[in-house]
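Student: dropping a prediction and its sequence here:
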Amino acid sequence: MVVIALQGYAAFIVLVMIVFAVRHWYFTLNRLWSPQRPYYQDLFDSELPHITVVVPMHNEAAVATGVIDALLDSTYPKDRLEILPFDDQSHDDTSTILHEYYERYPNIVKPVYMLGGLRGKPNALNVALRLATHDIILVFDADYTPGKDILRALTAAFSDPEVGAVMGRVIPLNSGKNFLTRLLSLERSGGYQVDQQARYNLDLLPQYGGTVGGFRRSMVTRIGGFDLSTLAEDTDLTARLFIEGRKVVYANGSECYEEVPESWPARFRQLRRWSRGHNRAFFNNVVGIVRSTHLSFFQKLDGVLLLSVYIIPPLLLIGFVANALLFFMGALPLWSVVAVVFFVVAFNSFGNFAPVYEIGAAELIDGAGRRLLLLPYLYYLFLFNSWAVTHGLIDTIGDLVKQRSPHWDKTVRFRGSNT
């Protein structure tokens, strides 16, 4: 009985890997060979609306001036722009820096000082829903550097009244810092240039990523605001908007530059937090996605696969254990074990966190062919990513069982550091 159960689980894992691999292959082919869906800035030329830009901050003195200066230097009309930087219980000079901007630009930069209570980005965004003057809210993380025209480009999506949220493309600013940042830059390229654009092309579920994007305050308020129980408020919002029949669109040409982690411990904590929040969003929304009357079959399938992406690595690790048990029980020959292990490792490089063909296509489109030399090293991210994500899933299960609220763990900033 035990052998049959283990063999059934091994077969299930192989099926899951095939589904994800085919999904990524299809997205790659669509991005390379199919007509690309135009973004709204190519279709609309209307009067620019008033907007509010929210920048959550916690101990961001090292990067605060960069993001606010970039926003002030944008081409968006200043009489239609409101900037709300949130000082979320900082202990460094963030509050002083924000106050200086308020004194210089009192009609544009309006800091919000959160001195106590619950800390974290979802809570700050809920406060922003109450304080923002305008219905269109754009969000940038403090370590991001928006381009001059990005506010115009992102806002164009809201010319369509059915659009609830928009997401731009994220590009690492420090990709040349070390080996890790180069690999993360590859992952970003495949994820945005190919994966997000293909899902937008195919009218599936492109994801609002929580930064370099925006949403309609009225729509978000109508569905209850941001869920404080999840650390992935962006994934949760994406799912709930689609469940309600709203659109999330992707603006591939709206590029913004971020600082990716420069150390492996920082990356581990970031992945663990993402996994913890993303998996909570899965449990909160997967039933709603399946039952939604506003989604087609393929949209529901894409939604389930999107929500489950951080559950797959732990399942694969369990698959390793299952095959090892089958081997030592004499129910699996050695060559089958080697084949399964190779398939699992190959899948995690080609079909999950860093799909090689998506990244290869993205680098070709971007004209960065030399970076393809790094593709073989994506194999080595498999165990690291899977272990971090597994920790996040364990955290999620603990949150659900103990009915506890997770604490926000901010990613370490490296700008100006000698690390």
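Tutor: Alright, I've got the coordinates. Please read all numbers here as calculations on a predicted model, not as lab measurements.

Student: any stretches of this protein with poor pLDDT?
Tutor: Applying pLDDT under 70 to the chain flags residues 41-46, 323, 326-327, 330-355, 415-419.

Student: the lengthiest helix in it packs against which elements?
Tutor: Assignment by DSSP state H gives helix 2-33 as the longest helix of the chain. In terms of contacts (3 or more C-beta pairs under 8 Å, 6 or more residues apart in numbering; DSSP states H and E), helix 2-33 is packed against helix 197-201, helix 297-307, helix 312-328, helix 334-350, helix 356-366. Where C-beta positions appear, they are placed from N, C-alpha and C, glycine not excepted.

Student: what's the spacing between the longest strand seen in the chain and its chain's center?
Tutor: Secondary structure assigned by DSSP state E gives strand 247-258 as the longest strand of the chain. Relative to the centre of its chain, strand 247-258 is centred 12 Å away, using C-alpha atoms, centre = their mean, to the nearest Å.

Student: check which helices and strands that strand sits against.
Tutor: Judged by 3+ C-beta pairs under 8 Å, 6+ apart, the packing partners of strand 247-258 are strand 145-146, helix 150-155, strand 163-172, helix 197-201, helix 233-243.

Student: who's in contact with the following helix or strand past the longest helix of the chain?
Tutor: On the C-terminal side of helix 2-33, the nearest following helix or strand under DSSP states H and E is strand 51-57. For strand 51-57, contacts defined as C-beta atoms under 8 Å, 6 or more residues apart in numbering pick out 64, 67-68, 71, 76, 80-88, 90, 94, 98, 121, 124-125, 128, 132-134, 136-142, 151, 155, 214, 217.

Student: just the ones of the residues you listed in strands?
Tutor: Per DSSP E, these map to strands at 81-88, 136-139, 214.

Student: which of the residues you listed are buried? Put it as a ChimeraX command.
Tutor: Restricted to buried positions by 16 or more other C-beta atoms under 10 Å, the ChimeraX selection for those reads:
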select :81,82,83,84,85,86,87,88,136,137,138,139,214
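
Student: hmm, back to that, buried sites along the longest helix of the chain?
Tutor: Those would be 6, 9-10, 13, 16-17, 20-21, 23-24, 27-28, 30-31, for helix 2-33 by 16+ other C-beta under 10 Å.

Student: equivalent analysis for stretch 360-369, please.
Tutor: For stretch 360-369, by 16+ other C-beta under 10 Å, it's 360, 361, 362, 363.

Student: swap in stretch 89-97?
Tutor: Applying 16+ other C-beta under 10 Å to stretch 89-97 flags 89, 90, 94, 95, 97 as buried.

Student: and it, how far out from the chain's middle?
Tutor: Its chain's C-alpha centre and that of stretch 89-97 lie 27 Å apart, by C-alpha atoms, centre = their mean.

Student: re the thing from before, for the longest strand of the chain, buried residues please.
Tutor: So for strand 247-258, counting by 16+ other C-beta under 10 Å, buried means 247, 248, 249, 250, 251, 252, 254, 255, 256, 257, 258.

Student: show me which of those is closest to residue 410.
Tutor: residue 258 (13.9 Å; C-beta to C-beta).

Student: hey, what's the closest one bridged with?
Tutor: residue 172 (DSSP bridges).

Student: that one touches residue 141, doesn't it?
Tutor: Yes: contact status for residue 258 versus residue 141: in contact at 7.0 Å, counting by C-beta atoms under 8 Å.

Student: which neighbours do these two share?
Tutor: residue 211.

Student: picking up where we left off before, out of the buried residues of strand 247-258, what pair is the most spread apart?
Tutor: The most distant members of the buried residues of strand 247-258, if one measures by C-beta to C-beta, are 247 and 257, lying 26.1 Å apart.

Student: secondary structure class for residue 309?
Tutor: Secondary structure assignment for residue 309 (DSSP: H, G, I helix; E, B strand; the rest coil): coil.

Student: distance check, it against residue 126.
Tutor: Plainly put, residue 309 is 26 Å away from residue 126 if you go by C-beta to C-beta, to the nearest Å.
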